[in-house]
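Enquirer: Need coordinates for the following:
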Amino acid sequence: MSILDKASLIQIPSGYKSTKLYSLRPSNGTGDFTFARSSSGTRVNSDGLIETAQVVSTTELVTNGDFATDSDWSKGTGWTISGGTANNNGASGSNNLSQSSILVVGKKYKIDITVSNYVSGNVQVSAGASPRDTMTANGTYTFYQTCTPNNNFYIIANSFNGSIDNVSVKEVFENDVPRLDYSDGSCACLLLEGQRTNLLTYSNDFTQWTIQSGVTATHNTTETLSPDGTNNATKFVGNGTSGVLKSAPVTGVVARSIYLKSVSGTVNVILKDPIFTVTQKSLSVTTEWQRFDLIEDNTHSSTQGLWVDDIPSSGIYMWGGQLESGDYSTSLINTSGSTVTRTADVCTNAGTSATFNDSEGVLFFEGSTLVESGITRVISISDGSTSNNIYFNFNQYSNSFNCEVLSGGSSQFNPSVTMTKVNNNKIALKYKANDFALWINGTEVATDTSGSTPTGLDRLNFDLGQGSFDFEGKCKQLMTFNEALSDEELSDLTGQVNLSFNNLATFYGYTIL
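Expert: Below is the predicted model of the structure:
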């Protein structure tokens with residue numbers, strides 16, 4: 001029998017659907033985490049590109065999108081439906097093919113559409129009349145639009161001579177969607193972050209930034225793909241003494257961050273605050289995209305910002321500016337005219353009372369916390385209180401980690417160790433009456449041969465069990481076992497021979513999203 005066969009619950013980020021973060025076991029969905037975040041959030045996908053985490057609904061909102069019959073569509077001048085396509089003969093003016101009252105204003109939609117037999121003019125699609133995306137050639141296109149100002153769907157012919165086929169419109173969910181992040185490489189992590197706001201009102205529209213004399217800009221350059229895989233980066237060519245800057249009202253410690261890439265070779269630029277220079281960083285910018293940051297309080301005024309200075313004549317590319325209150329940078333929050341807040345990730349309530357063994361077991365975690373910043377971060381199995389609780393505590397004191405087993409409100413096992421919490425760690429806590437042990441990265445670091453076990457365990461949370469001390473970090477694996485593992489098994493589980501996330505998925509035949 002392998003270690004994995006002894007696991008009562010394996011909760012790792014293997015996929016998601018709506019507000020549920022699904023586990024490898026149990027396969028019927030019982031006991032899955034409930035995930036909540038009342039805003040969108042970005043992640044690094046498996047191709048290394050930054051994208052907004054989202055789930056596309058399986059419900060098709062357009063009727064007769066394959067134009068199998070001449071029905072369901074309202075046809076403006078020039079539109080006909082026959083032979084499985086909607087056709088327009090190039091009628092002058094703007095003429096609509098539409099379906100009414102199928103959308104909801106303010107919601108986001110994925111639109112797939114095929115253009116064929118193109119001759120001239122252009123054809124547009126729109127969720128609610130504005131905005132519009134334009135097509136001027138044959139092909140299959142995908143667009144994402146937020147519906148405004150009405151609830152209708154439009155295909156708009158502007159002297160368009162050609163055909164349309166295979167129209168699909170589905171709702172896109174971005175709120176309450178967990179983020180499986182691949183920024184650490186090929187292995188996915190569940191990314192959990194606290195609430196943050198990007199105070200720069202234009203994160204990527206550098207026409208809204210101050211471009212100093214001696215610097216020229218090429219916006220939306222086609223010379224390189226940006227970190228999100230599109231041509232929306234800006235190329236700046238300077239004179240070696242001038243730069244680009246943006247500021248916003250904020251006091252206290254802030255994290256400034258920006259993605260930079262050189263046009264050729266390795267070049268140096270300066271990152272600093274544009275209001276008052278306390279510290280300036282000399283950045284070594286290469287031909288690969290890197291995110292650079294500077295964390296400090298300019299201690300000077302109620303305004304701070306981000307300044308990339310001394311841009312060389314050979315040029316750099318710039319993308320994704322962020323200014324956030326806090327002492328570490330978080331995932332990119334896109335803005336386009338106003339500040340934007342990404343609310344906190346909350347992940348709770350995995351398992352039931354039938355899942356956990358009160359008498360004995362193991363709680364195992366692999367991952368890391370975010371940059372240490374005076375925040376207590378906890379993962380626990382509990383009865384919903386602090387009276388019966390088994391938890392990992394990545395506490396606010398530098399490099400300090402402790403775990404605790406509480407039974408009836410009384411502490412039974414509570415060791416504390418020093419380790420670098422921001423590194424990837426493999427941690428296992430074994431609990432059994434008069435037999436407790438803590439293992440970290442293949443080594444047993446604490447034991448206790450006296451104590452009782454909790455009762456009423458019924459949930460696994462990324463917090464203390466009662467809604468406080470949310471975990472903020474990256475989780476590669478989180479498992480519970482309903483029996484106390486042997487020393488050899490605990491060594492294997494937390495050591496280098498432990499199965500990786502990818503191996504776990506392969507072991508059970510699951511696809512990593």
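Enquirer: Spit out the contact partners of the residue nearest to Asp309 when sequence neighbours are not counted.
Expert: In this structure, Asp309 finds its nearest non-sequential neighbour in Gly243, 3.5 Å apart by C-beta to C-beta, 6 or more residues apart in numbering. Quick note: C-beta positions are derived from backbone N, CA and C, even for glycine. Gly243 makes contact with 212, 215, 269-270, 307-311, according to C-beta atoms under 8 Å, 6 or more residues apart in numbering.
Enquirer: Cross those residues against strands and list the overlap.
Expert: Among the contacts of Gly243, the members found in strands (DSSP state E) are 269-270, 307-309.
Enquirer: need those residues in CSV with distance to Gly315 and neighbour count, can you?
Expert: Formatted as CSV, the ones in strands among the contacts of Gly243 follow (distance: C-beta to C-beta, whole Å; neighbours: other C-beta atoms under 10 Å):
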residue, distance to Gly315, neighbour count
Val269, 11, 26
Ile270, 16, 16
Trp307, 18, 24
Val308, 12, 27
Asp309, 15, 20
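Enquirer: And the furthest pair within these?
Expert: Val269 and Trp307 (10.0 Å; C-beta to C-beta).
Enquirer: Any chance you could give me stretch 121-131 in CSV, C-alpha atoms only?
Expert: In CSV, the C-alpha atoms belonging to stretch 121-131 read as follows (Å, rounded to 0.1, in the frame of the first residue of the first chain):
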residue,chain,number,x,y,z
GLY,A,121,-16.5,45.9,-45.7
ASN,A,122,-16.4,44.9,-42.0
VAL,A,123,-18.6,43.1,-39.5
GLN,A,124,-18.7,43.7,-35.8
VAL,A,125,-20.0,41.9,-32.7
SER,A,126,-21.3,43.5,-29.6
ALA,A,127,-22.7,42.5,-26.3
GLY,A,128,-25.2,45.2,-25.7
ALA,A,129,-24.2,47.6,-28.5
SER,A,130,-21.0,48.8,-26.9
PRO,A,131,-18.1,48.0,-27.1
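Enquirer: tell me the pLDDT at the residue nearest to Asp309?
Expert: If you check Gly243, the pLDDT there is 98.
Enquirer: ok, now how distant is it from Leu260?
Expert: Gly243 sits 12 Å away from Leu260, going by C-beta to C-beta, to the nearest Å.
Enquirer: Find the residues that touch each one of these two.
Expert: 269, 308.
Enquirer: nearest residue to Leu271 other than its sequence neighbours?
Expert: The shortest distance from Leu271 to any non-neighbouring residue, by C-beta to C-beta, 6+ apart, is to Lys281 (4.5 Å).
Enquirer: Might one say that the one you found is in contact with Ile270?
Expert: Yes: if you go by C-beta atoms under 8 Å, Lys281 and Ile270 touch, sitting 7.0 Å apart.
Enquirer: Might you list the low-confidence residue ranges for the stretch 251-400 of the chain?
Expert: The stretch 251-400 of the chain contains no residues with pLDDT under 70.
Enquirer: in it, which spans are strands?
Expert: For the stretch 251-400 of the chain, the strands defined by DSSP state E, counting those that start in this stretch cover 254-262, 267-272, 281-285, 290-296, 303-309, 316-325, 340-342, 346-348, 360-369, 377-382, 389-394, 400-407.
Enquirer: For Val422, which of those is the nearest?
Expert: Taking those one by one with C-beta to C-beta, strand 360-369 is closest: 5.4 Å.
Enquirer: out of the strands of the stretch 251-400 of the chain, nearest to Asp72?
Expert: Using C-beta to C-beta, the strands of the stretch 251-400 of the chain put strand 340-342 closest to Asp72, at 37.4 Å.
Enquirer: by contact count, what packs against the closest one?
Expert: Judged by 3 or more C-beta pairs under 8 Å, 6 or more residues apart in numbering; DSSP states H and E, the packing partners of strand 340-342 are strand 196-198.
Enquirer: I figured Cys347 was touching Gly467, is that so?
Expert: No: when contacts are counted by C-beta under 8 Å, Cys347 is not listed as touching Gly467 (11.9 Å).
Enquirer: Mind checking which of the two has more residues around it?
Expert: Cys347 (25 against 11; other C-beta atoms under 10 Å).
Enquirer: ok, what's across the strand from the more buried one?
Expert: Applying DSSP bridges to Cys347 gives these bridge partners: Phe35.
Enquirer: can you pull the contacts of it?
Expert: 21, 33-36, 178, 190, 192, 461-462, 471.
Enquirer: hmm, try it at 6 Å
Expert: 33, 35, 462 (C-beta atoms under 6 Å, 6 or more residues apart in numbering).
Enquirer: Any figure for the gap between the closest residue to Thr420 other than its chain neighbours and Val417?
Expert: Using C-beta to C-beta, 6+ apart and skipping the chain neighbours, the partner closest in space to Thr420 is Asn399 (6.0 Å). Look at Asn399 and Val417: by C-beta to C-beta, they are 9 Å apart.
Enquirer: higher neighbour count, these two?
Expert: Val417 (14 against 11).
Enquirer: Give the helix, strand or coil label for the more buried one.
Expert: The three-state label given to Val417 by DSSP: H, G, I helix; E, B strand; the rest coil is strand.
Enquirer: buried stuff in stretch 75-95?
Expert: Within stretch 75-95, the residues scored as buried using 16 or more other C-beta atoms under 10 Å are 76, 78-79, 81, 85-88, 91, 95.
Enquirer: least confident pick among those?
Expert: Ala91 (86).
Enquirer: Check whether that one sits in a helix, strand or coil.
Expert: coil.
Enquirer: which residues of the stretch 351-500 of the chain fall in helices?
Expert: 487-494 (DSSP state H, counting those that start in this stretch).
Enquirer: Can you give me the neighbour number for the residue lying closest to Pro149 once chain neighbours are set aside?
Expert: Distances taken as C-beta to C-beta, 6+ apart place Gly128 nearest to Pro149, at 5.9 Å, with adjacent residues excluded. Applying the criterion other C-beta under 10 Å, we find 21 residues in the vicinity of Gly128.
Enquirer: mind checking pLDDT for Gly128?
Expert: For Gly128, pLDDT reads 96.
Enquirer: Next, the contact list for it, please.
Expert: Contacts of Gly128 (C-beta under 6 Å, 6+ apart): 147-150.
Enquirer: Let's see that with 8 Å instead.
Expert: 103, 105, 145, 147-153.
Enquirer: returning to what we had before: distance check, the residue nearest to Asp309 against Thr85.
Expert: 53 Å.
Enquirer: picking up where we left off before, wait, which of the contacts of Gly128 is closest to Gly495?
Expert: Gln145 (49.7 Å).
Enquirer: name the element Thr134 belongs to?
Expert: Using DSSP states H and E, Thr134 falls within strand 133-135.
Enquirer: hang on, isn't Asp345 packed against Asp181?
Expert: No: using C-beta under 8 Å, Asp345 makes no contact with Asp181, being 11.0 Å away.
Enquirer: where do the contact lists of these two overlap?
Expert: What both Asp345 and Asp181 touch, as defined by C-beta under 8 Å, 6+ apart, is the set Leu191.
Enquirer: the helices in the stretch 151-300 of the chain, which residues?
Expert: With DSSP H, counting those that start in this stretch as the criterion, the stretch 151-300 of the chain has no helices whatsoever.
Enquirer: what's the neighbour count on Trp319?
Expert: Per other C-beta under 10 Å, the neighbour tally for Trp319 reads 24.
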